[in-house]
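[1] Compute the structure for the input listed below.
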Amino acid sequence: MKVHAEPYINQIGEVLSRKSVLEIGCGNGLRSARLGEFCSSLRAIDPDEDFINQARLDNNLPNIQYQVGSAQSLEFPDSTFDSSIFTLSLHHVPRGEMPNAITEARRVTRQAGHLIFIEPTFDGSLFEAELHFNACDGDERAAKALAYHSILTASGLEEVNEFSGETIFEFSSLDDFKESMKPQERLDELEHFLEKHKYRLRAQRRINIFKIVA
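    Just a heads-up that it's a prediction; the model follows:
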């Protein structure tokens, strides 16, 4: 599987330029390496130790520090970072704890700093594949909706911008898709679906940028 360049990262990078940044939910560091090109320093956390180890191997930069950490309980003092960003991660936080995760991110971010959310939407051919073939993370519609609600109802934030982005996933073969996305259902229809989309699936993203006001 190949992930093509995501232009929306450049727009986020303009906000993060020369800032100290906390990335919450860095995964394997694929986007951390892009974000790190803009930041003065990036502390990237994820609860999955295997992801953190992979990030250190594959996506390291001198100004990035990876560590295992939880969004619900950030191990940093108040006002440590200029900006914080949830990278496709808020909807993975347990449902009752999403507001607390936002509060924690706000706590460790300095006044007038930025809190940024990248979240998947309900659109795109990758989303179709997740639903129809029970692939990747499967049906996350309820979690995505709750994450967006938690973002819009969070206190102490002033909205700066909301815009859309896109990620393009390219698969070299049917086996590549199966290995990468772990489809569970309707496998007999999968090859036709991939051929229809020329083995390039699109995932829509919603980016919300807020300023810390309290």
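
[2] Lowest average confidence across helices and strands of the protein, where is it?
    Of all the helices and strands that make up the chain, the one with the lowest confidence by mean pLDDT, DSSP states H and E is strand 2-3; it has a mean of 94.

[3] Sheet partners, orientation included, of that one?
    In the sheet containing strand 2-3, its partner strands are strand 157-170 (antiparallel), by DSSP bridges.

[4] Could you export the strand it pairs with as CSV, keeping only the C-alpha atoms?
    Provided in CSV are the C-alpha atoms of strand 157-170 (Å, rounded to 0.1, in the frame of the first residue of the first chain):
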residue,chain,number,x,y,z
LEU,A,157,-11.9,26.9,22.1
GLU,A,158,-12.5,29.5,19.4
GLU,A,159,-12.9,28.2,15.9
VAL,A,160,-10.4,29.5,13.4
ASN,A,161,-11.1,27.3,10.3
GLU,A,162,-12.7,24.2,9.1
PHE,A,163,-11.7,22.7,5.7
SER,A,164,-11.5,19.4,3.8
GLY,A,165,-8.7,17.3,2.7
GLU,A,166,-8.1,13.9,1.0
THR,A,167,-5.8,10.9,1.3
ILE,A,168,-5.3,8.6,-1.6
PHE,A,169,-4.3,5.0,-1.0
GLU,A,170,-2.9,3.1,-3.8
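
[5] And that strand, what's buried?
    Within strand 157-170, the residues that qualify as buried are Leu157, Gly165, Glu166, Thr167, Ile168, Phe169, counting by 16 or more other C-beta atoms under 10 Å. Backbone N, C-alpha and C define where each C-beta goes, glycine included.

[6] for stretch 201-214, same thing?
    The neighbour-count criterion (16+ other C-beta under 10 Å) identifies Leu201, Arg202, Ala203, Gln204, Arg205, Arg206, Ile207, Asn208, Ile209, Phe210, Lys211, Ile212 as the buried residues of stretch 201-214.

[7] average pLDDT across that stretch?
    Averaging pLDDT along stretch 201-214 gives 96.

[8] if we can go back for a sec, contacting residues around the least confident helix or strand of the chain?
    Residues external to strand 2-3 that are found in contact with it (C-beta atoms under 8 Å, 6 or more residues apart in numbering): Leu30, Thr167, Ile168, Phe169, Glu170, Phe171, Ser172.
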